[in-house]
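[1] Just need the structure, nothing else, for what follows:
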Amino acid sequence: MNTAARMESSGDRGRIQVSQVTADLLTEAGFSKWIIPRSVKMFVKGKGEMQTYWVRKRNKPINPKAAGLKSGMETLEEEAESEESSERAEEDDDFLGIEGMNKTDRLVEWNVEVLTSLLEQIVGSRGGVVNKIQTLSQAESKIGTGGKTVLEEFTSIIPLKRFNTDELERRRRTSTVDIGEEAKSQLRDYISTISRLYIDNAFHNFEHASHVTASVKKLLARIVKVGEGNGLGASDPSESVALVDLAGHSYGITSDPLTQFAVVFSALIHDVDHPGVPNTQLVKENTRWAQIYKKSIAEQKSVDLAWDMLMEDEYAALRACIYQTEDDLKRFRQLIVNTVLATDIVDKELQTLRKARWEIAFSNVDSAAGSLNCDRVESEDRKATIVIEHLIQASDVSHTMQHWHIYKKWNERFFMECYGAYREGRADVDPSKNWYKGEIGFFDFYVIPLARKLQSCGVFGVSSEEYLNYAVANRDEWVREGEALVQQYLVKFKEENAHLTAPFDHLIVRLQD
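    Model prediction:
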């Protein structure tokens, strides 16, 4: 009572603040999702500095959409699931109506929960061991240095880690694993900082990154067991990917939690500091980043920015949860490099190489392996590497393979971004002139073939069929409604940006630095 009374001076009206002791009791009782640590320690008279927590407040459902309080988690989950169900409206709404939390805050918390779950699986796969990693400081300092660009680090085959049956059985259940408050705090701080590094573009923003993350999470959770065709079983409603031996059917992806974490992490950081224009425009403008990277500019910059920040001393405890050995460190880095670079779908050379690698891996498994003198493990690693790259590609455009209203929402945002760049003089061609036909071509030559690849690799079960069906349906709907929608986009853009120039139709000449 004494502590609670003294804490009143640092509280806020209408909110519940609890001490570390109370927070620990809630956590032990299984209610850790109820509490949010305050970003700074509070000074409490007679107690000194204290770490205190807010208790999440769940409002009664009073039309949350109209109130603008729908949680980032709920929106992302329903978009990733792409299913109309009454149950979904009640799922994952822990951040619904929390006073003091804006949309970005809610997205940060959702990403923290997703990555914390995967970190617990990583630590569990090591028997719960998390040692300090000062001995890896030299190895960490060498990565990303030496004059090599991120693109030059790319490799066609990433050797994944293998686990035998005994190792799988010795793993600790995630319910008994605690990565520690220090690591959790560092993870939250890291993701929060990442969110601020995203530019407030109409499309390439932190919400898009979170949407891609949700799709990656879904596809990983839907990887099937050989001969069964069902998704991986989850021990709880969070749909954490179960770590089981899939007899090679997933090519080692699901048996290694570090691989899963790396792919989800890559989805989160893949568009950090995206400028809102394509790489070709950055080359034309001869920006500093274009001079450094030459190609895949935005993607390479995202990797470097996110990696350099992760390597800072303040995230040492977080890194110790991710990896404990130099081999794991190098595999983590390589997975990030390959995964983020795969989101550059415009570079024709990279696309041609990726297509050839897919054909080598999947056209004729036995003969290809024999002709290349590959053993079974290398063949599986080749497949895993290319499957991961196509998984992130599908997730990056997952709005095209989801419900029509989701596709339309993100298509409009992308149009607004591209048209805005044109009005600012950062594009030579008015995108509205070819947007309708361009979308049809995008479906025909990229989205639908990509969905067919997900289906043909035999890893993603019913999800691959779902993605393909939605892609085809959205393409047909766009043929019917697309021309009218483009006109609506133009009207909306002019209404929202009329204050920027008068008359509006006069092209804005962009001042050069």
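[2] hey, where'd the strands end up in this structure?
    For the chain, the strands defined by DSSP state E cover 17-18, 35-37, 42-44, 48-50, 53-55.
[3] Turn those into TSV, including mean pLDDT and mean neighbour count.
    The C-beta positions use only the backbone N, C-alpha and C, and glycine is treated the same way. TSV is the format used below for those (pLDDT from 0 to 100; neighbours: other C-beta atoms under 10 Å):
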stretch	mean pLDDT	mean neighbour count
strand 17-18	86	18
strand 35-37	80	18
strand 42-44	64	16
strand 48-50	74	12
strand 53-55	82	19
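[4] and of those strands, who's closest to I345?
    Nearest to I345 among the strands of the chain is strand 35-37 (37.1 Å), distances taken as C-beta to C-beta.
[5] Determine the number of other residues adjacent to the residue lying closest to Y436 once chain neighbours are set aside.
    Spatial nearest neighbour of Y436, excluding adjacent residues (C-beta to C-beta, 6 or more residues apart in numbering): G482 at 4.6 Å. Neighbour count of G482, defined by other C-beta atoms under 10 Å: 19.
[6] In the chain, where's the longest helix?
    helix 462-497 (DSSP state H).
[7] Could you list the buried residues of stretch 434-448?
    435-436, 439, 442-443, 446-448 (16 or more other C-beta atoms under 10 Å).
[8] Give the lowest-confidence helix or strand of the chain, using mean pLDDT as the measure.
    helix 64-67 (a mean of 35; mean pLDDT, DSSP states H and E).
[9] Any figure for the gap between L197 and Q260?
    23 Å (C-beta to C-beta, to the nearest Å).
[10] ok, the two, which is more surrounded?
    In terms of neighbours (other C-beta under 10 Å), Q260 is the more surrounded of L197 and Q260; the figures are 26 against 16.
[11] residue contacts, that one?
    Residues near Q260 by C-beta atoms under 8 Å, 6 or more residues apart in numbering: 118, 121, 220, 241, 253-254.
[12] where are the low-confidence patches of this protein?
    Low-confidence segments of the chain (pLDDT under 70): 1-14, 28-30, 32-33, 39-47, 57-100, 165-172, 174, 224-250, 364-374, 499-513.
[13] H204 against V272, yeah?
    No: assessed by C-beta atoms under 8 Å, H204 is found out of contact with V272, at 9.8 Å.
[14] between the two, what contacts are shared?
    With C-beta under 8 Å, 6+ apart as the test, H204 and V272 both reach Y198.
[15] More neighbours: those two, which one.
    Counted by other C-beta under 10 Å, H204 and V272 do not tie: V272 has more neighbours, with 26 against 23.
[16] Identify the residue spatially nearest to that one, adjacent ones excluded.
    Of all residues apart from its sequence neighbours, S302 sits closest to V272 (C-beta to C-beta, 6+ apart), at 4.2 Å.
[17] cool, and W410?
    H399 (3.8 Å).
[18] re earlier: closest to G48 out of the buried residues of stretch 434-448?
    V447 (57.7 Å).
[19] would you list every one of the helices in the stretch 251-400 of the chain?
    Using DSSP state H, counting those that start in this stretch, the helices found in the stretch 251-400 of the chain span residues 257-269, 279-285, 288-293, 297-310, 316-322, 326-341, 348-362, 365-371, 376-396.
[20] Can you give me the buried ones in the shortest one?
    Taking 16+ other C-beta under 10 Å as the basis for neighbour counts, the residues of helix 288-293 that come out buried are 289-290, 293.
[21] Could you dump these into JSON lines with distance to F332 added?
    Listed next are those as JSON lines, based on distance: C-beta to C-beta, whole Å:
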{"residue": "W289", "distance to F332": "24"}
{"residue": "A290", "distance to F332": "28"}
{"residue": "Y293", "distance to F332": "22"}
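[22] ok, those residues vs Q138, which is closest?
    Closest to Q138, out of all of the buried residues of helix 288-293 and judged by C-beta to C-beta, is Y293, at 26.2 Å.
[23] got the contact list for the closest one?
    149-151, 300-301.
[24] Check the offset of stretch 180-197 from the chain's centre.
    In terms of C-alpha atoms, centre = their mean, to the nearest Å, the centre of stretch 180-197 is found 15 Å from the chain centre.
[25] which parts of that stretch are buried?
    183-195, 197.
[26] Looking at the residues you listed, which are in helices?
    183-195, 197.
[27] export these to TSV and tack on distance to M50?
    Shown next, in TSV, are these (distance: C-beta to C-beta, whole Å):
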residue	distance to M50
A183	20
K184	18
S185	15
Q186	20
L187	22
R188	18
D189	19
Y190	24
I191	24
S192	21
T193	24
I194	28
S195	27
L197	30
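[28] between the residues you listed, which is nearest R413?
    Among those, and counting by C-beta to C-beta, the member closest to R413 is S195, at 17.4 Å.
[29] Now that closest one: closest residue in space, sequence neighbours ignored.
    According to C-beta to C-beta, 6+ apart, the nearest residue to S195 is F206 (4.6 Å).
[30] so that neighbour sits right up against T104, yeah?
    Yes: judged on C-beta under 8 Å, F206 makes contact with T104 at a distance of 6.2 Å.
[31] so, if you compare the buried residues of helix 288-293, which one comes nearest to T280?
    For these, the nearest to T280 is A290 (9.6 Å; C-beta to C-beta).
[32] surely the closest one meets Q300?
    No: in terms of C-beta under 8 Å, A290 does not count as a neighbour of Q300; the distance is 10.4 Å.
[33] Quick check: buried residues in stretch 424-432?
    424, 426-427, 431-432.
[34] so how far is Q51 from the closest residue to D271 other than its chain neighbours?
    Ranked by C-beta to C-beta, 6+ apart and with sequence neighbours excluded, the top spatial neighbour of D271 is H204, at 4.9 Å. Noted for H204: a distance of 35 Å to Q51, by C-beta to C-beta.
[35] repeat for I336
    According to C-beta to C-beta, I336 stands 31 Å off from Q51.
[36] who's more crowded, the two?
    I336 (23 against 14).
[37] residues contacting the more buried one?
    By C-beta under 8 Å, 6+ apart, the neighbours of I336 are 262, 265-266, 269, 303, 307.
[38] V108 now?
    188, 191-192, 195 are the contacts of V108 under C-beta under 8 Å, 6+ apart.
[39] Tell me the one among these nearest to S363.
    Looking across those and measuring by C-beta to C-beta, the closest to S363 is I191, at 39.8 Å.
[40] wait, doesn't that closest one sit right on W110?
    No: when contacts are counted by C-beta under 8 Å, I191 is not listed as touching W110 (9.5 Å).
[41] residue contacts, K132?
    316, 320 are the contacts of K132 under C-beta under 8 Å, 6+ apart.
[42] how about a cut-off of 7 Å?
    A320 (C-beta atoms under 7 Å, 6 or more residues apart in numbering).
[43] Distance check, it against A221.
    32 Å.
[44] Same question for P257.
    For P257, the distance to A221 - C-beta to C-beta - is 13 Å.
[45] Look at these two and report which has more neighbours.
    Higher neighbour count among P257 and A221: P257, with 25 against 20, using other C-beta under 10 Å.
[46] So that one is in contact with Q121, correct?
    Yes: between P257 and Q121 a contact is recorded at 3.8 Å, counting by C-beta atoms under 7 Å.
[47] since we're on the residue nearest to S195, how many residues are nearby?
    There are 25 residues near F206, going by other C-beta under 10 Å.
[48] How much space separates it from V397?
    Distance from F206 to V397, by C-beta to C-beta: 18 Å.
[49] coming back round to it: which among the ones in helices among the buried residues of stretch 180-197 gets closest to S156?
    So of those, ranked by how close each gets to S156 (C-beta to C-beta), first place is I194, at 28.4 Å.
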